[in-house]
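Okay, sequence plus prediction incoming.
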Amino acid sequence: MISGSGGADRDFAGADGGAPPDLAAAAGLAIALRNLLEASATLIADNGPPGPIEQQLTGHLRGGLSDLAYVAENFPGWERANLQRGVDAYLAAHSPEAEWFSISSADRDYEDLASVISRPGRPLQIAAVTHGTAATGPDEAMEIVQSGLVPSAAPDGSPVFIGVRSSERYGPECRIEILARVSNDHAPCQSVRPAGEGFTGPLAPMT
């Protein structure tokens with residue numbers, strides 16, 4: 001019994017005037033429908049045509065996402081301008097016509113690139129590059145790529161993607177990320193060394 005605004009008691013009934021609704025059954029039905037929709041979306045995404053980001057990556061690297069290797073290195077935030085200069089110099093030498101792009105993902109600032117591109121679900125979309133500025137002196141600054149990817153080539157000519165981004169996740173820091181194709185014997189791929197920077201490292205297969 002529920003007391004109305006006028007003080008009179010009335011029976012709580014369903015919308016059709018019958019028995020009260022079974023809330024537990026309704027909640028169970030809602031959960032089942034949600035799970036069905038999520039499973040359908042995953043099935044379509046996993047078996048449908050590749051999204052724009054997957055096409056961009058696999059087209060340049062000439063291999064599927066499972067064939068890619070990934071390496072990353074973090075630098076303190078005050079090295080951001082130097083990292084950009086190093087990447088710019090490397091691109092000028094190996095892929096001067098390459099164009100930057102970014103990934104439309106809410107997780108791109110919190111997870112590494114390998115995790116973002118390998119997560120199942122809806123196809124990732126291409127987004128505009130995020131730009132920012134980094135100090136180069138007491139009163140000087142330069143434009144930097146805040147978050148972006150660019151196709152390029154390793155010193156041996158094999159295709160790679162170079163990614164850079166700035167993050168406040170663990171304090172001010174910047175990161176360079178490299179994607180390349182793993183060879184058939186899974187040997188470490190050729191490292192990429194942006195000119196003017198001390199970055200280098202073996203590429204390990206993505207898991």
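Structure received.

Alpha carbons of stretch 25-43, as PDB, please.
Extracted C-alpha coordinates of stretch 25-43, given in PDB (Å, rounded to 0.1, in the frame of the first residue of the first chain):
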ATOM      1  CA  ALA A  25      12.600 -10.300 -14.200                       C
ATOM      2  CA  ALA A  26      12.600  -6.900 -15.900                       C
ATOM      3  CA  ALA A  27      16.200  -6.300 -14.800                       C
ATOM      4  CA  GLY A  28      17.200  -9.700 -16.100                       C
ATOM      5  CA  LEU A  29      15.600  -9.000 -19.400                       C
ATOM      6  CA  ALA A  30      17.400  -5.700 -19.700                       C
ATOM      7  CA  ILE A  31      20.800  -7.200 -18.900                       C
ATOM      8  CA  ALA A  32      20.200 -10.000 -21.500                       C
ATOM      9  CA  LEU A  33      19.300  -7.500 -24.200                       C
ATOM     10  CA  ARG A  34      22.300  -5.400 -23.400                       C
ATOM     11  CA  ASN A  35      24.600  -8.400 -23.600                       C
ATOM     12  CA  LEU A  36      23.000  -9.500 -26.900                       C
ATOM     13  CA  LEU A  37      23.600  -6.000 -28.400                       C
ATOM     14  CA  GLU A  38      27.200  -6.000 -27.200                       C
ATOM     15  CA  ALA A  39      27.900  -9.500 -28.600                       C
ATOM     16  CA  SER A  40      26.300  -8.500 -31.900                       C
ATOM     17  CA  ALA A  41      28.400  -5.400 -32.100                       C
ATOM     18  CA  THR A  42      31.600  -7.300 -31.400                       C
ATOM     19  CA  LEU A  43      30.700 -10.000 -33.900                       C
END
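
what's next to the host helix or strand of residue 103, contact-wise?
In the assignment (DSSP states H and E), residue 103 maps to strand 102-104. For strand 102-104, contacts defined as CB atoms under 8 Å, 6 or more residues apart in numbering pick out 53, 108, 116-117, 124-130, 147-149. In short, each C-beta sits where N, CA and C put it, glycine included.

same deal with stretch 91-99?
150, 151, 152, 153, 154, 155, 162, 195.

what about that stretch, start to end distance?
Stretch 91-99 has an end-to-end distance of 10 Å (criterion: CA to CA, to the nearest Å).

Buried residues, that stretch. List them.
91, 94, 95, 98 (16 or more other CB atoms under 10 Å).

With distance to residue 26 and pLDDT as new columns, can the residues you listed be given to me in TSV?
Formatted as TSV, the buried residues of stretch 91-99 follow (distance: CB to CB, whole Å; pLDDT from 0 to 100):
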residue	distance to residue 26	pLDDT
91	57	93
94	60	91
95	57	92
98	54	92
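
Which of those residues fall in helices?
91, 94 (DSSP state H).

Tell me where this structure is predicted with low confidence.
With pLDDT under 70 as the threshold, the chain has low-confidence stretches at 1-21, 40-50, 106-110, 119-122, 168-171, 183-207.
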